[in-house]
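>>> fold the following, please.
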Amino acid sequence: MLTRSQKKTALVLVSVLIALGFAWYVSNNPMDFRVYYYGAQGVFNDTRPVYGFYSGMGWPMHYRYPPLFLFIARPFTFLPLPWAAALFAFLKAIALFLLIRALWNRLGATGSRAAWLIPLLIAGPYVVEDLRYGNAQSFIFVLTGAALLTLTAMPVMAAAALALAISIKVWPLFFVPVLAARREWKAVGWTMVFTTVLLLLPALHFGVDFRSLALLPELTKGLASERFDHDLSRLPRTCRDVSYLLTYVKPLNGSAAPCCRTSRRA
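Numbering: from 1, shown residues only. So this is what the prediction gives:
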């Protein structure tokens, strides 16, 4: 029989091997990661716009995330694409294993196999698909899970993690009303503060055009008329997100804002 220490060592080795396996696969098949990579690379060397048909890898693989994610993806562009994709996948897998470990420590061992088997069967295929495609969804899930796990002990840190998740994907925002219903006011307040700061932070690079305030009625109309799906990808391209309306939509005089201008292409 293996000792407890040996079991932990074996689990760590298996986790690292699985992470390396996904890293190797994604390095040869970057798929979604290519959009982040070429999108960030193109924006910061001024060869591609932030949004539009020529962003990312071009339609239909154009960039759809908030501008903040370009800054998160930028460090990966200093590596060749295969190495960058491998590192991205490896970090995602390790982050997931760390979250699973934290859940295990919080919930403790259980005598029922169904307690772990059922979630594994339901979520497992989606996790494998996410790791295989090189999508950012796993990081969002880990950030949200870490926020909920540390909510009581470290509410400010939890708020920062949840805010970062919200600033990349919209779905973690739906936990804010839940926290408000539980009267977790400190976490709710700091989450909204951090989210506002993070979403407006790219304005330091792209600049701000306050004339875009006149487009608020258009934004409201668009939000009311479009289907609210999981990532807001069907909302109008020029005004789908309140958080960066002032910075990234087309100004009134017809000239292009940073997100809309068509930069010279390589």
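>>> tell me the contacts of the residue nearest the centre of the chain?
Residue closest to the average C-alpha location in the chain (Cα atoms, centre = their mean): I168, at 4.0 Å. Taking Cβ atoms under 8 Å, 6 or more residues apart in numbering as the criterion, I168 is in contact with Y65, P66, L68, F69, I72, A136, F139, I140. Bear in mind the C-beta positions are built from the backbone N, C-alpha and C, glycine included.
>>> assign a three-state SS to the last one, would you?
Classification of I140 using DSSP: H, G, I helix; E, B strand; the rest coil returns helix.
>>> what of the second one?
Three states are possible here, and by three-state DSSP the one that applies to P66 is coil.
>>> packing partners of the host helix or strand of Q41?
Element membership for Q41, per DSSP states H and E: helix 32-44. Helix 32-44 is packed against helix 68-73, helix 81-107, with contacts defined by 3 or more Cβ pairs under 8 Å, 6 or more residues apart in numbering; DSSP states H and E.
>>> and the first one, what's buried?
Along helix 68-73, these residues count as buried under the neighbour rule (16 or more other Cβ atoms under 10 Å): L68, F69, L70, I72, A73.
>>> didn't the last one look like it was pressed against R34?
This means A73. No: in this structure A73 lies outside contact range of R34 using Cβ atoms under 8 Å: 10.9 Å.
>>> do you know the pLDDT at F69?
Listed pLDDT for F69 reads 90.
>>> give me phi/psi at the spatially closest residue to it that is not a sequence neighbour?
Distances taken as Cβ to Cβ, 6 or more residues apart in numbering place I168 nearest to F69, at 5.2 Å, with adjacent residues excluded. When read as degrees, to the nearest 10, the backbone of I168 gives phi -110, psi -40.
>>> ok, now how distant is I168 from T195?
From I168 across to T195, the span is 11 Å (Cβ to Cβ, to the nearest Å).
>>> I72 now?
With Cβ to Cβ as the criterion, I72 and T195 are 15 Å apart.
>>> domain assignment for the chain?
Domain segmentation of the chain under automatic domain parsing yields 1-96, 208-266.
>>> mean pLDDT for those domains: which is lowest?
Taking the mean pLDDT of these, domain 208-266 comes last: a mean of 43.
>>> by contact count, what packs against the helix or strand encompassing T191?
Using DSSP H and E, T191 falls within helix 185-200. Judged by 3+ Cβ pairs under 8 Å, 6+ apart, helix 185-200 is in contact with helix 155-168, helix 175-181.
>>> got the buried residues for that helix?
A187, V188, W190, T191, M192, F194, T195, L198, L199, L200.
>>> repeat that for stretch 11-30.
Going by neighbour count (16+ other Cβ under 10 Å), the buried part of stretch 11-30 is S15, A19, F22, A23, V26, S27, P30.
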